[in-house]
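Asks: model this:
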Amino acid sequence: MFSLPLDSATGRQLLSDYYADYARIAASAASGLMLESPTWRANRDWGRRLGYDGVALTRLNRAAVALLRDLAQERADAVPRTLVSGMIGPRGDGYQAEARMGAQESADYHRAQVDALAGADLVHRGDRWAVA
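Replies: Model (predicted):
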């Protein structure tokens with residue numbers, strides 16, 4: 001099974017360092033910050049390909065939001081306006097046009113991931129935004 005970065009202490013540290021760089025830039029610019037979760041491929045179809053079941057995907061999506069929430073809290077003095085966005089990627093390959101899902105099919109398909117991202121301020125799916 002392929003291991004996602006959120007599944008190891010080393011991976012979580014790499015992600016924390018990656019996002020901390022953005023927080024430093026925001027602080028130096030006296031700007032707000034939006035952190036997008038590393039969950040582009042944390043849906044059922046991609047999870048299955050990588051050896052993750054629904055329980056594991058829920059755990060990973062929640063861990064991603066928790067990681068970003070912790071970072072936002074740690075940097076709150078320097079970057080007081082931080083939003084956490086739960087990132088939802090496409091069902092298939094986002095770089096190749098495939099059959100498109102209708103609105104209801106898409107809502108049904110992504111519901112489990114949206115629910116798992118419930119601690120985020122909003123959910124982002126490519127060109128769409130919605131309050132979580």
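
Asks: could I get the full set of strands for this protein?
Replies: 33-36, 82-87, 122-125, 128-131 (DSSP state E).

Asks: and V55, which of those strands is closest to it?
Replies: strand 82-87 (18.0 Å; CB to CB). C-betas here are computed from N, CA, C, even on glycine.

Asks: ok, now which ones touch the nearest residue to M34 once chain neighbours are set aside?
Replies: Excluding the flanking residues, the one nearest M34 by CB to CB, 6 or more residues apart in numbering is L83, at 4.6 Å. L83 makes contact with G32, L33, M34, L35, D121, L122, according to CB atoms under 8 Å, 6 or more residues apart in numbering.

Asks: rank the strands of the chain by pLDDT, which is bottom?
Replies: Lowest mean pLDDT within these: strand 128-131, at a mean of 49.

Asks: and the contacts of stretch 101-120?
Replies: 37, 39, 42-44, 54, 57-58, 61-62, 64-66, 68-69, 84-86, 88, 91, 123, 125, 132.

Asks: skipping adjacent residues, who's closest to the spatially most central residue of the chain in space?
Replies: Computing the C-alpha centroid of the chain and ranking residues by CA atoms, centre = their mean puts S37 first, at 2.4 Å. Of all residues not flanking S37 in the chain, A64 sits nearest, at 4.0 Å (CB to CB, 6+ apart).

Asks: right, and the residue nearest to the centre of the chain touches A72 too?
Replies: No - counting by CB atoms under 8 Å, S37 sits too far from A72 to count as a contact (11.9 Å).

Asks: what average pLDDT does stretch 60-79 get?
Replies: The model assigns stretch 60-79 a mean pLDDT of 96.

Asks: just checking, G54 touches A42?
Replies: No - using CB under 8 Å as the test, G54 is too far from A42 to be in contact (10.9 Å).

Asks: restricted to helices, list the contacts of stretch 101-120.
Replies: R44, G54, L57, T58, N61, R62, A64, V65, A66, L68, R69 (DSSP state H).
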